[in-house]
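Trainee: Quick one, fold the following:
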Amino acid sequence: MRYTTGILLLTLLCQSQLLAQSLSIPAESVPVEDALLKTIESTKVAAEVAGKLEKLLVVEGTQVQVDQPLGKIRDSAVNLQLERAKIGMATARKKQRSDIDLRLAEKRAAVAQNELQRAESANNRIRDTYAPKEVDRLRLVAESAALEVERAKYDREIFELDVMLAENEFRQAEELMARHQILSPVLGVVVAVNRRVGEWVEPGMELLQIVKIDRLRVEGFVSGAAANRNLLNSTAQVNVLRGDNEVMVEGRVVFVNPDANPINGQVRVYLEIDNTAGEFRPGMRVKADIRPHDPQAAPAPAVDKSAAIAPVPRNSAKP
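Mentor: Sure, this is the predicted structure:
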């Protein structure tokens, strides 16, 4: 009986070890062939206005930040327009803040109204103290003074609109001035300078070319069978070959071409890696292995069923 129990325990232990081995087999990765580092974005900086190129602050190989000044197109005439717009805006604001005309019109209206009331009161006490013609004249003066008050209020509303118009002209001049400044639109490295200081440029004329290197693309190929698996957004182990050394970084699949090569059946894939430190350069050779979302585990080793439970004689348990 003890012998039978021992064999059963040994069999169960062997089966559990085989099951653990089958579960611990690593997932199959997908190798990327002919992988090469390339740039993701290349930006061509063009002139926005016509003029003479006055300054150029970068050369090939200069690393630039976003909105970093790269150069300037002569802006002397635009600077005068900006100053004129600034003065016009200050004048409009000063007129809008002044209420002298309104206060003067209100005082004239009050005086004219008082004169009319005195004349009418005098005629009420003593008939024809003021001739009707004089009363009519005083009434016209009072009404005219009241209209002058309304005109002064209307003028203040117009002055507010003049301020808005002057501010708009000033912003237009500022925007035109800004277009004469050549700024970097991206973070990257200048790889080409196509114009020199002193040359005349036109709107749309290419001045510089900047490549973005904070993130790089790994371009390569996988087999058609591997492309049928869920590779998009999968992580990948990327080894960048730098001389005799390899630097390992984490990558991510961002594109799987829906078309396959009709000759060898391979499919183009794009991976992206982080290069914020700037240690990698486009053109470097790399090795990459993609870890798909749907890993296909290696088949579990076969279990010898004949060795699972051996037949035990009935008299084997006897001493």
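Trainee: Now do the strands in the chain.
Mentor: Counting by DSSP state E, the chain has these strands, from start to end: 30-46, 51-56, 63-64, 69-73, 181-183, 188-193, 200-201, 206-222, 235-242, 245-260, 267-274, 286-291.
Trainee: how about those, which one is nearest residue 114?
Mentor: Residue 114 lies closest, by C-beta to C-beta, to one member of those: strand 181-183, at 62.3 Å. Yep, even glycine has a C-beta here, placed from its N, CA and C like the rest.
Trainee: for the chain, which helix is longest?
Mentor: In the chain, assigned by DSSP state H, the helix with the most residues is helix 132-179.
Trainee: Kindly calculate the angle that it makes with strand 69-73.
Mentor: 120 degrees (axes from the mean of the first three to the mean of the last three C-alpha atoms, to 10 degrees).
Trainee: what distance separates helix 132-179 from the middle of the whole chain?
Mentor: A distance of 44 Å separates the C-alpha centroid of helix 132-179 from that of its chain, computed with C-alpha atoms, centre = their mean, to the nearest Å.
Trainee: Now do that helix, average pLDDT.
Mentor: Helix 132-179 shows an average pLDDT of 94 in the prediction.
Trainee: ditto for stretch 91-106
Mentor: Mean per-residue pLDDT for stretch 91-106: 92.
Trainee: for that stretch, which positions count as buried?
Mentor: 92, 93, 95, 96, 101, 102, 105, 106 (16 or more other C-beta atoms under 10 Å).
Trainee: Ends of that stretch, what's the gap?
Mentor: End-to-end distance of stretch 91-106: 24 Å, with C-alpha to C-alpha, to the nearest Å as the criterion.
Trainee: contacting residues around it?
Mentor: The contact list for stretch 91-106 (C-beta atoms under 8 Å, 6 or more residues apart in numbering) reads 145, 148-149, 151-153, 155-156, 159-160, 162-163, 165-166.
Trainee: make it 7 Å
Mentor: 145, 148, 149, 152, 153, 155, 156, 159, 160, 162, 163, 166 (C-beta atoms under 7 Å, 6 or more residues apart in numbering).
Trainee: Ignoring the adjacent residues along the chain, who's closest to residue 115?
Mentor: Counting by C-beta to C-beta, 6 or more residues apart in numbering, residue 115 lies nearest to residue 138, which is 5.3 Å off, once chain neighbours are set aside.
Trainee: how much space between that neighbour and residue 130?
Mentor: Plainly put, residue 138 is 8 Å away from residue 130 if you go by C-beta to C-beta, to the nearest Å.
Trainee: what sits in contact with each of these two?
Mentor: residue 119.
Trainee: Would you mind confirming that residue 265 is in contact with residue 226?
Mentor: No - using C-beta atoms under 7 Å, residue 265 is not in contact with residue 226, being 10.5 Å away.
Trainee: Those two: which is more packed in?
Mentor: Counting neighbours by other C-beta atoms under 10 Å for residue 265 and for residue 226 shows that residue 226 has the greater number, 21 against 12.
Trainee: so that one touches residue 30, yeah?
Mentor: Yes - when contacts are counted by C-beta under 7 Å, residue 226 is listed as touching residue 30 (4.3 Å).
Trainee: Any idea what the closest residue in space to residue 247 that isn't next to it in sequence is bridged to?
Mentor: Using C-beta to C-beta, 6+ apart and skipping the chain neighbours, the partner closest in space to residue 247 is residue 240 (4.7 Å). Beta-bridge pairing of residue 240, defined through DSSP bridges, involves residue 247, residue 286.
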